[in-house]
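Visitor: Sequence and predicted model, in that order:
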Amino acid sequence: MSFLVTGIGELVTNDPDIAGVIEEDLYPAHLGVVRDAAVAVQDGRVAWVGPACDAPAADWRVDLEGRAVVPGFVDSHSHLVFAGDRSAEFAARLTGAAYDGGGIAVSVAATRAATDDELRRLLARRVDEMRAQGTTTVEVKSGYGLSVADEVRSLRLAREVTGEVTFLGAHVVPPEFADARADYVALVVGEMLTACAPLARWIDVFCEPNSTHAFDEQESRAILTAGRDAGLELRVHGNQLGPGPGVALAVELAAASVDHCTFLSQADVDSLVGANRGVGDSTVATLLPGVEFCTRSPYPDARALLDAGVAVALASDCNPGTCYSSSMPLAIALAVREMGMTPAEALSAATLGSARALRRPDVGRVAVGGRADLTALEAPSYLHLAYRPGVPIARALDLGV
Ligand code: NIG
Ligand code: FE
């Protein structure tokens, strides 16, 4: 079955080499913008991209009547498998309580108590919510089970909705191990890893010496290297609550991404510059501005990272504690308004950058042979993603694949 998506007033491809690319102030060449464009799709892959007047014939034709189209958002960081409600914790924070990861135990208790079907329903609803806001690839972490059986269950459920599944047994030390941290780390790198590794692509750790609940440098290194030995690829939660070893560790171990990066030293920035080695081999700095917004924290210095030449991604971090928002357009709007990123940089970070953070060359752009993940905007230009915050203008196109 072939489709022709035509009538695209402005198409962002993230491919500067495509025919007909414009280059103007707000349209840098790297965005690969083509006006009055069309995309031909065959079996879920892009078969052709270019000016609509040159488009090939197809079985089905979808006319977008001048709307803008961007590559589907790649949300490379989310925690969607959880039950329970932590809105009261959020409200308490607004009156001054600091976030330290302690609330994760509340979600763990509710998640353990939920049935498979309840969790499956909650997860499906959150993924639908993302798609309705233009996200077409999502990474999903475990981390609210924290026992062998509950982590296995979370990963099995995550696999039902995405191939980008991350084992986060090292989210926090669960309450029953509060006085036996070393035993919990031994469980994570032992029996839990053995059971979980076949179900995941990635392993992640909440490396945060500023929280008694999370893991220090030595524990994090042990967990990540054990994960790597078990065949998993690495990601790290680092430098979220204060300066710390997360970024350096992620770079040292060639993790695909270090996420949050809220508190960085110059040495961290320098090491990330050195870790920008190209697609498939970099440690990307993934910024999660929804977290700073929801926890009233200072935003990461995106400008310093971009100006230095670090590979930057944007993701939602949708989770019940620090950011219960699944909206990539919100992340883009915050990146532009609060972190000094240009609209072009923000869109690129939410598509190509986050695809790099997942080491996925087939998503994050509109290019022949890649996945035909297209997000249509109820707007004439990609600039409206930042210009119309909170307005649901983005939706993933359903091309029946
Ligand atoms: O990415 N920092 C650790 N994990 C999540 C928050 C999890 C929670 O509070 O439930 C984060 O911010
Ligand atoms: Fe997270």
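Guide: Nice, thanks for sending it over. Ligands and ions are numbered 1, 2, ... in the order given.
Visitor: going forward, measure contacts between C-alpha atoms and count neighbours the same way
Guide: OK.
Visitor: residues in the stretch 301-401 of the chain within reach of ligand 1, list them.
Guide: 317, 319-322 (C-alpha under 6 Å from any ligand atom).
Visitor: if you set the cut-off to 5 Å instead, what comes out?
Guide: Residues of the stretch 301-401 of the chain lying close to ligand 1 (C-alpha under 5 Å from any ligand atom) are 320-322.
Visitor: Ser325 against Leu288, yeah?
Guide: No - the criterion here is C-alpha atoms under 8 Å, and Ser325 misses it with Leu288 at 10.8 Å.
Visitor: Report the set of residues contacting both of the two.
Guide: Contact criterion C-alpha atoms under 8 Å, 6 or more residues apart in numbering; residues shared by Ser325 and Leu288: 316-317.
Visitor: neighbour-wise, which of those two wins?
Guide: For Ser325 and Leu288, the more surrounded residue by other C-alpha atoms under 10 Å is Leu288, and the numbers stand at 28 against 20.
Visitor: Against ligand 1, how distant is that one?
Guide: Here Leu288 is placed at a distance of 8 Å from ligand 1 (C-alpha to the nearest ligand atom, to the nearest Å).
Visitor: Kindly report the same for Pro51.
Guide: On the measure of C-alpha to the nearest ligand atom, Pro51 and ligand 1 end up 41 Å apart.
Visitor: check contacts around the residue of the stretch 251-400 of the chain found nearest ligand 1.
Guide: For the stretch 251-400 of the chain, the residue closest to ligand 1 is Gly321, as judged by C-alpha to the nearest ligand atom, at 3.3 Å. Residues near Gly321 by C-alpha under 8 Å, 6+ apart: 86, 89-90, 101, 103-104.
Visitor: Near ligand 1, list only the ones from these.
Guide: Ile104.
Visitor: ok, Pro56 touching Val41?
Guide: No - applying C-alpha under 8 Å, one finds Pro56 not in contact with Val41, separated by 10.4 Å.
Visitor: Not counting sequence-adjacent ones, nearest residue to Ser147?
Guide: Met192 (7.4 Å; C-alpha to C-alpha, 6 or more residues apart in numbering).
Visitor: Checking the one you found next. Helix, strand or coil?
Guide: helix (DSSP: H, G, I helix; E, B strand; the rest coil).
Visitor: residues touching it, list them.
Guide: 147-148, 151, 169.
Visitor: do Ala311 as well
Guide: 272-273, 276, 282-285, 305, 353.
Visitor: Show me the one in those that has more neighbours than the rest.
Guide: That'd be Thr283 among the contacts of Ala311, by other C-alpha under 10 Å, with 35 neighbours.
Visitor: What separation do you get for it and Val310?
Guide: The gap separating Thr283 from Val310 is 9 Å, by C-alpha to C-alpha, to the nearest Å.
Visitor: So for these two, which residues contact both of them?
Guide: In contact with both Thr283 and Val310: 272, 275-276, using C-alpha under 8 Å, 6+ apart.
Visitor: Output the residues you listed as JSON lines; include the columns distance to Trp202 and pLDDT.
Guide: Shown next, in JSON lines, are the shared contacts of Thr283 and Val310 (distance: C-alpha to C-alpha, whole Å; pLDDT from 0 to 100):
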{"residue": "Leu272", "distance to Trp202": "20", "pLDDT": "98"}
{"residue": "Ala275", "distance to Trp202": "19", "pLDDT": "96"}
{"residue": "Asn276", "distance to Trp202": "20", "pLDDT": "95"}
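Visitor: Any chance of CSV for those residues, columns secondary structure?
Guide: CSV is the format used below for the shared contacts of Thr283 and Val310 (three-state DSSP):
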residue, secondary structure
Leu272, helix
Ala275, coil
Asn276, coil
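Visitor: so which of those residues also contact ligand 1?
Guide: Applying C-alpha under 5 Å from any ligand atom to these, none is adjacent to ligand 1.
Visitor: okay, now Ala92: neighbour count?
Guide: 12.
Visitor: three-state assignment of it?
Guide: helix.
Visitor: measure it to ligand 1 for me?
Guide: According to C-alpha to the nearest ligand atom, Ala92 and ligand 1 sit 14 Å apart.
Visitor: Same check on Leu119?
Guide: From Leu119 to ligand 1 the distance is 15 Å (C-alpha to the nearest ligand atom).
Visitor: which SS state does that residue fall under?
Guide: Per three-state DSSP, Leu119 ends up helix.
Visitor: so it makes contact with Ala83?
Guide: Yes - using C-alpha under 8 Å, Leu119 makes contact with Ala83 at a distance of 6.5 Å.
Visitor: hey, what's in contact with both of these two?
Guide: Thr111.
Visitor: Just give the nearest non-adjacent residue to the residue nearest the centre of the chain, would you?
Guide: Central residue of the chain (C-alpha atoms, centre = their mean): Ser76, 2.1 Å from the mean position. Using C-alpha to C-alpha, 6+ apart and skipping residues adjacent in sequence, the residue nearest Ser76 is Glu139, 4.9 Å away.
Visitor: Reduced to three states, what does that neighbour come out as?
Guide: Once three-state DSSP is applied, Glu139 turns out strand.
Visitor: what about it, how many neighbours?
Guide: 24.
Visitor: How about Ala55?
Guide: With other C-alpha under 10 Å as criterion, Ala55 counts 17.
Visitor: Please verify my assumption that it contacts Ala40.
Guide: Yes - shown here, Ala55 and Ala40 form a contact pair, counting by C-alpha under 8 Å, at 7.5 Å.
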